[in-house]
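*Asks:* got a sequence here, can you build the structure:
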Amino acid sequence: METPKLLLCLVLIIFSIFLQPSLSELCHPQDKKVLLQIKKAFNNPYTLTSWDPQTDCCHWYCVQCDDKTHRITDLFVNYGDLAGPIPHQVGDLPFLETLDFHKNPNLTGPIPPAIAKLKKLRYLMITWTNVSGPIPDFIGEMDSLEFIFLSFNNLTGPIPSNIGKLPKLTGLRLDRNKLSGPIPDTFGEFKGDNFYLYLSHNQLSGKIPVSLGRKDFPFVDLSRNRLEGDATPLFGSEKKMLEHLDLSRNLLEFDLSKVELPERLSYLDLNHNKIFGSLPEGLTKLSLQQLNVSYNRLCGKIPVGGELQTRFDYSAYFHNRCLCGAPLPSCKL
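*Replies:* Now for the predicted structure:
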């Protein structure tokens with residue numbers, strides 16, 4: 001008579017062992033409620049079909065949970081069919097570290113104020129959408145942010161200066177918008193190492209802040225704006241990180257012969273500006289993968305050496321005031 005009881009106990013023990021992990025995987029009920037509200041606000045799009053209230057939301061598409069707390073930490077909807085404004089409910093996921101809406105062309109409206117409630121947010125990425133309006137000031141008050149990626153949208157207005165004060169920020173991409181006004185002076189105060197700065201394809205104007213020269217950026221792209229004046233602070237032999245510098249298609253005006261070139265510089269695009277002087281001899285010592293100084297006011301002989309004559313053809317140098325020498329026509333005696 002004892003054998004059936006022992007077997008029953010054994011079955012219950014085994015069942016409890018396998019049942020417990022599945023129960024522990026259930027995401028937090030409040031997070032699940034919020035996600036379903038977000039789905040409803042987006043009018044139940046096909047991309048979010050897996051968001052079934054009868055299933056564990058930690059297993060839903062576009063969602064990631066913490067292994068221990070089972071709170072939602074990542075919400076990423078890429079190449080989706082989301083339409084309309086970003087719902088305010090995204091601010092009700094208190095443990096969210098990554099918010100990523102990439103290539104949702106029907107996403108519209110402003111960046112909602114509710115995002116300011118995400119005190120743990122590290123990565124804010126809203127890209128290739130039709131989100132519009134200004135970059136909210138509150139973004140510059142979110143001290144946990146490490147990366148801001150707001151490229152390829154319809155954002156307008158000035159760049160909030162307090163973004164430069166964010167203590168953990170290591171990358172800022174605001175390219176391909178309609179932003180206007182100056183580059184904030186505070187951008188020379190970025191704390192993060194290996195900082196990547198993309199501000200290209202906007203309507204930014206004014207002078208490049210001198211303070212920007214105090215930061216050793218590996219990557220700077222300020223191309224296709226309306227920036228004017230001097231850009232020499234961005235150069236300098238003391239810069240050990242700078243590899244990529246694109247200042248093309250602006251209104252910059254400075255003497256290129258007086259700049260000192262960073263030793264790691266491999267990409268330099270200065271085309272379509274008002275840059276004068278001559279090409280520095282230091283260009284011959286660089287391992288350049290890209291060089292374009294066309295459509296400026298440069299004069300003198302192109303330095304001989306490095307790959308200035310072999311890697312780059314005449315199109316890298318043409319339409320200058322009096323630049324000469326291979327691969328352009330010979331200089332006149």
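*Asks:* surely residue 162 is in a helix?
*Replies:* Yes - assessed with DSSP: H, G, I helix; E, B strand; the rest coil, residue 162 lies in a helix.
*Asks:* ok, how many other residues are close to it?
*Replies:* By the measure other CB atoms under 10 Å, the count of residues near residue 162 is 15. Yep, even glycine has a C-beta here, placed from its N, CA and C like the rest.
*Asks:* contacting residues around residue 307?
*Replies:* Going by CB atoms under 8 Å, 6 or more residues apart in numbering, residue 307 touches residue 288.
*Asks:* any idea how far residue 201 is from it?
*Replies:* Using CB to CB, to the nearest Å, residue 307 is found at 29 Å from residue 201.
*Asks:* repeat that for residue 188.
*Replies:* 22 Å.
*Asks:* was I right about residue 269 contacting residue 290?
*Replies:* Yes - the pair residue 269 / residue 290 is scored as a contact, 6.4 Å apart, by CB atoms under 8 Å.
*Asks:* I figured residue 99 hits residue 78, correct?
*Replies:* No - Residue 99 is not in contact with residue 78 according to CB under 8 Å; the separation is 12.0 Å.
*Asks:* what about the helices in the stretch 1-150 of the chain?
*Replies:* 2-24, 29-41 (DSSP state H, counting those that start in this stretch).
*Asks:* pull the residues that contact the last one.
*Replies:* Applying CB under 8 Å, 6+ apart, the external contacts of helix 29-41 come out as 45, 48, 51, 53, 57, 60, 63, 71-72, 75, 84, 87, 89-90, 92-93, 95.
*Asks:* buried members of those residues into ChimeraX, please.
*Replies:* Buried members of these can be picked out in ChimeraX with the line below, counting by 16 or more other CB atoms under 10 Å:
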select :45,48,51,57,60,63,71,72,75,87,89,90,92,93,95
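*Asks:* of the contacts of helix 29-41, which belong to strands?
*Replies:* 63, 72, 75, 84 (DSSP state E).
*Asks:* how many other residues sit next to the residue lying closest to residue 88 once chain neighbours are set aside?
*Replies:* What sits nearest to residue 88 in space, not counting adjacent residues and going by CB to CB, 6 or more residues apart in numbering, is residue 114, at 4.1 Å. A count of nearby residues for residue 114, using other CB under 10 Å, gives 15.
*Asks:* what about the spatially most central residue of the chain, distance to residue 105?
*Replies:* Nearest to the geometric centre of the chain sits residue 173, at 2.9 Å (CA atoms, centre = their mean). Separation of residue 173 from residue 105 (CB to CB) stands at 18 Å.
*Asks:* residue 198 versus the closest residue in space to residue 293 that isn't next to it in sequence, what's the distance?
*Replies:* Leaving aside its sequence neighbours, residue 293 sits nearest to residue 270 (CB to CB, 6+ apart; 5.0 Å). Counting by CB to CB, the gap from residue 270 to residue 198 is 17 Å.
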